[in-house]
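Visitor: Can you look at this prediction? I've put the sequence above it.
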Amino acid sequence: MGTMKIKTTINGKKVEAEVEPRKLLVHFLREDLNLTGTHVGCDTSNCGACTVLVNGKAVKSCTMLAVQANGKEIVTIEGLSKNDELGPLQKAFLEKHGLQCGYCTSGMILTSFWLLKKNRNPSEEEIRKGLSGNLCRCTGYQSIVESVKYGAELMKEKEEEREVAVR
Amino acid sequence: MSTLNWGERELAYDVSGFVSGKGHFVDDIKLPGMLHMTVLRSPYARARIVSLKGGMSSKDLKARMASVGEGASSEAGLSIEPVFATEFVNYVGEPVAAVFAEDRYKSADLLESIEVDYEPMKPVVTIDDALSMGPIHLGRKNNIMAETIKGADFKDPDSPIVIEDTLENERISANPIEPRGIVASFSEGMLNVWISTQAVHSIKEGLVESLRNSELLIHVMQTDTGGGFGSKGGLYPEYVIAAFASMKFGKPVKWIETRREHLSSTHPGRGMRGKVKLFAEKDGKITGLRGEVMIDAGAYDSGIASFSPGFVAMQMTGPYFIESAQVRGKALFTNKVPQGPYRGAGRPEASFLIERMVDMLADELKMDPADLRLMNMSEKPFTSPMGLKIDGARPFFESAVKELGYMTEVKNSKGVGLSFFVLVPAVYPGESARIIIRDGRVRVWLGGNSHGQGHEVFVKKLVNEELGVPERLVTLYRGDTGMTKTGVGSWGSRSAIVGGAAIVAVCRKIKEDVVKIHGRYSTESLLSGSYDEFINNELKMPLNSFGANLATVEIGKMGNVRIKKCVAFYDVGRALNPDMVIGQIQGGMAQGIGQTLHEGLFYNDEGQLITSSISDAGVPLAEDLPNFTVKIAENRSSLPHGAKGLGESPTIGVPTALIRAIEKASGKRLRRTPVTPEELIS
Amino acid sequence: MHPSSFEYFAPTKMEEALDLLSKYKGDAKIMAGGQSLIPLLKLRIASFPYVIDISGLNGMRGISEEGEYLEIGALATISDIEENEMVRERYTILHEAAVQIADPLIRNRGTIGGNLSHGDPSNDMPSVAIALKAKMEVIGKEGVRLIEGDSFITDSFTNSMNEGEILRRVLVPAARGSTGGCYIKQKKSAGDFSVAAVAVQLSLNENESIRSAGIGLTSVAPKPLRAIRAERFLEGKKISDSVVKEAAKIVVSESDPSTDFYGTSEFKKKVLERITEEAINVSFERALVG
């Protein structure tokens, strides 16, 4: 079967590509664009290792076709750091040991990023429920929850800095 | 042409890369001309292959699996797993054929072109089936894979209290979030292998043996490994197939496991049924233990199944001073995927048997379970009838009762459980390490491979302590058979012990080298020179340590368990990095809860796996889990760096404390994991 | 993990979608959010030569009260419903069901239309639609028609739309007077499918007796069930412990759960009875204030 042309924005860059309709977004990102920070951990849309942002919302890129990215803005884990400078959540995950093997980490961070955009002060319960589409087998989640809380603080600080700079 | 251009940075363990997507996992590898392999697997638990057309199969590669890695067995004989099924298939998920294509989608398409006719046979699914039905393997007399007796026979003690029960642990899938995977690339006479593994040397030895080619030059390199928990310690058929195919086609071959393949075909752990009889005096003194351990070993002797019964039996008196004990063990063939190591690998099973029985004895005697436990402990070191060496246990556990807040909890609520255990880490036979000093930097390799434990953290610390080199100048590289001649692997709570000891030993060797040249040691003279030392640091002594857990729970109206507290108190020796130690323990506690409440691999009467997703398999979500309280005691070991084991402590201690708490809260006698809401709903 | 090949269309207008559907008939599959369909395609449990992605159709994502109905576009995502303030306040049952569907990431793409029409007996929205006495507005080349919520799903993975029809909107009778509802979903572990779930919607007369009751059941039969005898039993009665208990018993007698991975039939019935009691009580409390 043939391919289709798509135009999409990935991590702020415009991308045009020919893709087979059946190709999953995660494979397009990993194989066609070499954005290998997005992972595959299951085949039943449970684990969330493949989480990306589509038009600002966290979704599972293994449960979306690459052709469906046409006209959309995608952000992957690679898009969260600018010029090699880590974003606040990335820093928080490192500092609070929110990872061990590192495989679920991209998805955890992107889901948390979206959660914190919606809710700047999530409770522990809100964080745990918010992460129910992302599995981690190493940490027992406690350090991830702490990372998200700490990331929320860092994000707020960053916004305040920005406000001060604007003033 | 087909080699990988990963530079030094890409080959080092570097946690900081993971937060920006810069890991180097096996599926990230792309090589020119690379073929994607897809495996056709048996849809039957037991069948005869009548005909097979298409794909690569046993017609092309008639080989058998080598037994390497944790609990390797040298006497598997008739029951070694074939790389590709030959005349019969013996479990759902057994590799039958493989296809290869340039693109993973096309490879999946090709699978549909293979034609197989099977003649289904009645499968042996359970331990009872294995005992009552004929052998699954031609040429065997029965379904007993291995049999053992630990401890000397004894005359039944003349004690008034005798309790007996049968206890079970369901099989569990390890389910690291990164599934297994390999890239094999044969080029210019060398087979290069990149793999997600706990042990590059096991992979190398296994490939050489399975391919029956001792001349073959193999270079095995570890990629970032997204968790293992035992499941990535040994050799699997897909690795042999990928290596063979790369040599046959002269192209790189990649195979990445899907999650459903992981559930059906990666060696799961547990799968144990035990019968225990305890003899005791009225005051609680345990006078004897008789036991029988049966392992649901699966279809072949590929994992640790033939090792398991003896290993479980050996630990069955736990930390207790029991002078008469004998345990018989059997590993039994079933038409299921071979059993393998999963975090604990026999330790949690043994602890489950003794701790459940001690709790039952406490109920029988109407004694407090903590008191009963303490009174059966020795102040002095003791060797159990099965040969388990235990330090004087009582002082530690007396302090554990206090540290865990047991007395307060028992006063305040009904659903409280306490557990004690002794951790027997896999110290034997030690570990290898290599250090190269060049250009003012220290480059380190270990024989065993980190898969999330953070080996680089203790390596940097120990190199700094031994050689005075700032940590930023020290790099630990991933496992690489090109850099270490021999090596063992990461499992059995061993890495900080044996890897740490190897680092200390190789550092001291280098220090001697510096002294030989400069007359005395200084960091400056070290870093200004070039040194290269390798050591195969043998360790044989037991290095057991103690741990205790407490759990408190409530049972909801629908039989769901709400965990209120989950507390650990472990002797971890010297904590080389307390944050990492606590992180390891928290993660293990989550897995202990998983085993107790959620996890299992379930088969129906036809031997079909009915657990069909990682969620079905019960891997806990953040929502399922409480916040953990972890307390550590730091009693240094006899090793120079003072480390003890800890990785498996929580999967040993949590299930037994938690199931007791549930038992108390529900008032129902609980004999198996996982405990389901259905058992608990009133 | 790798779907079979298919041809893909992403129409932006309903007419185009209907044209494609009539052209390819049984060979075509409508995809909305794809959160149930793509997993099936990935595992090759299902395959279709043509996939018509309707997620780009205009004007099908709104949620608003228009006259006697709350109108929900079939392409409203579960997150849209979850985050809608009016739904949260006035149609609690819908909000409650939404937040319990799968996980937040799936909810960001999954749609109410997909959840309703897919026909998986463990999907939540069909039983909510039954309890709310909602109507499905479906459109085909022959025009628009309404299908009652309780006759929309006819069997496992089977709905009552004709070949060539697409679910366009869900019409929920507007909440008027004392009404209240509740969705309770019981699972073994957080990530599981439900053991059983129940949707209850009650409206009260001035004397607090029940004017009308809607009860829909999830995961306790090959399809979502309307507990019609229990509804009739409740209607006209005042709520008391014994009435609630009796109603829950009737609900159980109307259910037909099978023994499977999630538990035995007996266990599911026990759970269903308890969650039904609770759901009726909570719905009644909510109706009193609502």
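Guide: Received the coordinates, thanks.
Visitor: tell me the contacts of residue 134?
Guide: Reading this off chain A. For residue A:134, the contact set (C-beta atoms under 8 Å, 6 or more residues apart in numbering or on different chains) comprises A:47-49, A:51, A:104, A:107-108, A:111, B:622, C:103, C:105. C-beta here means a position set from N, CA and C on the backbone, and glycine is covered the same way.
Visitor: Switch to chain B, please.
Guide: For residue B:134, counting by C-beta under 8 Å, 6+ apart, the contacting residues are B:142-143.
Visitor: how about it, secondary structure?
Guide: Classification of residue B:134 using DSSP: H, G, I helix; E, B strand; the rest coil returns coil.
Visitor: how far away is it from residue B:7?
Guide: 57 Å (C-beta to C-beta, to the nearest Å).
Visitor: ok, now residue A:3?
Guide: Residue A:3 sits 34 Å away from residue B:7, going by C-beta to C-beta.
Visitor: now do residue C:169
Guide: Counting by C-beta to C-beta, the gap from residue C:169 to residue B:7 is 57 Å.
Visitor: Break chain A down into its domains, please.
Guide: A:4-79, A:88-166 (automatic domain parsing).
Visitor: how about the ones you listed, which one is nearest residue B:631?
Guide: domain A:88-166 (14.5 Å; C-beta to C-beta).
Visitor: per-residue confidence averaged over the closest one?
Guide: The predicted model assigns domain A:88-166 a mean pLDDT of 95.
Visitor: From the chain's centroid, how far away is it?
Guide: From the chain centre to the centre of domain A:88-166 is a distance of 11 Å (C-alpha atoms, centre = their mean, to the nearest Å).
Visitor: Walking through the chain, point out its strands one by one.
Guide: All of this refers to chain A. A:4-10, A:13-19, A:51-54, A:57-60, A:73-75 (DSSP state E).
Visitor: Please refer instead to chain C.
Guide: C:7-9, C:28-31, C:50-53, C:63-66, C:69-73, C:135-140, C:143-148, C:153-155, C:158-159, C:166-173, C:179-187, C:194-204, C:210-218, C:225-226.
Visitor: Would you pull up how far the last one lies from the middle of the chain?
Guide: Relative to the chain's own centre, strand C:225-226 is displaced by 11 Å; criterion: C-alpha atoms, centre = their mean.
Visitor: Okay, now the sheet partners of it, with direction.
Guide: Strand pairing for strand C:225-226, using DSSP bridges, gives strand C:210-218 (antiparallel).
Visitor: could you give me the average pLDDT of the partner strand?
Guide: 98.
Visitor: can you list the residues of chain C near chain A?
Guide: Within reach of chain A by C-beta under 8 Å from any C-beta of the partner chain, chain C has these residues: C:1-8, C:10, C:34-35, C:38-39, C:41-43, C:51, C:53, C:55, C:79, C:102-106, C:108-109, C:190-191.
Visitor: Which ChimeraX command selects the buried ones in those?
Guide: This is how ChimeraX selects the buried members of the residues of chain C next to chain A, with burial counted by 16 or more other C-beta atoms under 10 Å in any protein chain shown:
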select /C:1,2,3,4,6,7,8,10,34,35,38,39,41,42,43,51,53,55,79,102,103,104,105,106,108,109,190,191
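Visitor: element containing residue B:502, please.
Guide: Using DSSP states H and E, residue B:502 sits in helix B:500-518.
Visitor: buried set for that helix?
Guide: Buried-residue list, helix B:500-518, by 16+ other C-beta under 10 Å: B:500-507, B:509-511, B:513-514.
Visitor: which residues does the closest residue to chain A within the stretch 51-200 of chain C contact?
Guide: Residue nearest to chain A within the stretch 51-200 of chain C: residue C:103 (3.0 Å; C-beta to the nearest C-beta). By C-beta under 8 Å, 6+ apart, the residues touching residue C:103 are A:48, A:132-134, C:191.
Visitor: Find me the pLDDT at it, would you?
Guide: 97.
Visitor: can I assume residue B:164 sits in a helix?
Guide: No. The assignment for residue B:164, made by three-state DSSP, is strand rather than a helix.
Visitor: so what's residue 113 up against?
Guide: Because you didn't say which chain, this covers chain A. A:53, A:58, A:80, A:87, A:89.
Visitor: Sorry, I should have been clearer: chain B.
Guide: B:54-55, B:99.
Visitor: Give me the buried subset of those residues.
Guide: The buried subset of those (16+ other C-beta under 10 Å) comprises B:55, B:99.
Visitor: Include distance to residue B:244 and secondary structure when you put the contacts of residue B:113 into JSON lines, please.
Guide: Listed next are these as JSON lines, based on distance: C-beta to C-beta, whole Å; DSSP: H, G, I helix; E, B strand; the rest coil:
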{"residue": "B:54", "distance to residue B:244": "17", "secondary structure": "coil"}
{"residue": "B:55", "distance to residue B:244": "13", "secondary structure": "coil"}
{"residue": "B:99", "distance to residue B:244": "14", "secondary structure": "strand"}
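Visitor: Close to chain A: what parts of the stretch 401-550 of chain B are there?
Guide: Counting by C-beta under 8 Å from any C-beta, the stretch 401-550 of chain B sits next to chain A at B:451-454.
Visitor: can you rerun that using 6 Å?
Guide: For the stretch 401-550 of chain B, the residues in contact with chain A (C-beta under 6 Å from any C-beta of the partner chain) are B:451-452.
Visitor: One more: the stretch 51-200 of chain B?
Guide: B:175-178.
Visitor: make it 7 Å
Guide: Residues of the stretch 51-200 of chain B lying close to chain A by C-beta under 7 Å from any C-beta of the partner chain are B:105, B:175-178.
Visitor: With pLDDT, neighbour count and secondary structure as extra columns, can I get these in a markdown table?
Guide: Below are those laid out as a markdown table (pLDDT from 0 to 100; neighbours: other C-beta atoms under 10 Å in any protein chain shown; DSSP: H, G, I helix; E, B strand; the rest coil):
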| residue | pLDDT | neighbour count | secondary structure |
| --- | --- | --- | --- |
| B:105 | 97 | 21 | helix |
| B:175 | 98 | 28 | coil |
| B:176 | 98 | 27 | coil |
| B:177 | 98 | 28 | coil |
| B:178 | 98 | 32 | coil |
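Visitor: quick one: which of those residues is nearest residue C:184?
Guide: Using C-beta to C-beta, those come closest to residue C:184 at residue B:175, 29.6 Å.
Visitor: doesn't residue B:617 make contact with that closest one?
Guide: Yes. Counting by C-beta atoms under 7 Å, residue B:617 is a contact partner of residue B:175 at 5.9 Å.
Visitor: related to what we said a few turns ago, mind putting the contacts of residue C:103 into a markdown table with distance to residue C:144?
Guide: Output for the contacts of residue C:103, formatted as a markdown table (distance: C-beta to C-beta, whole Å):
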| residue | distance to residue C:144 |
| --- | --- |
| A:48 | 39 |
| A:132 | 38 |
| A:133 | 36 |
| A:134 | 41 |
| C:191 | 39 |
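Visitor: which among the residues you listed gets closest to chain B?
Guide: Nearest to chain B, judged by C-beta to the nearest C-beta, of the contacts of residue C:103 is residue C:191 at 4.1 Å.
Visitor: what about the spatially closest residue to that closest one that is not a sequence neighbour, how many neighbours?
Guide: Distances taken as C-beta to C-beta, 6 or more residues apart in numbering or on different chains place residue B:615 nearest to residue C:191, at 4.1 Å, with adjacent residues excluded. Using other C-beta atoms under 10 Å in any protein chain shown, residue B:615 has 23 other residues around it.
Visitor: Surely residue B:615 and residue A:46 touch.
Guide: Yes. Between residue B:615 and residue A:46 there is a contact at 4.6 Å, judged by C-beta under 7 Å.
Visitor: So for these two, which residues contact both of them?
Guide: Listed as contacting both residue B:615 and residue A:46 by C-beta atoms under 7 Å, 6 or more residues apart in numbering or on different chains are residue C:191.
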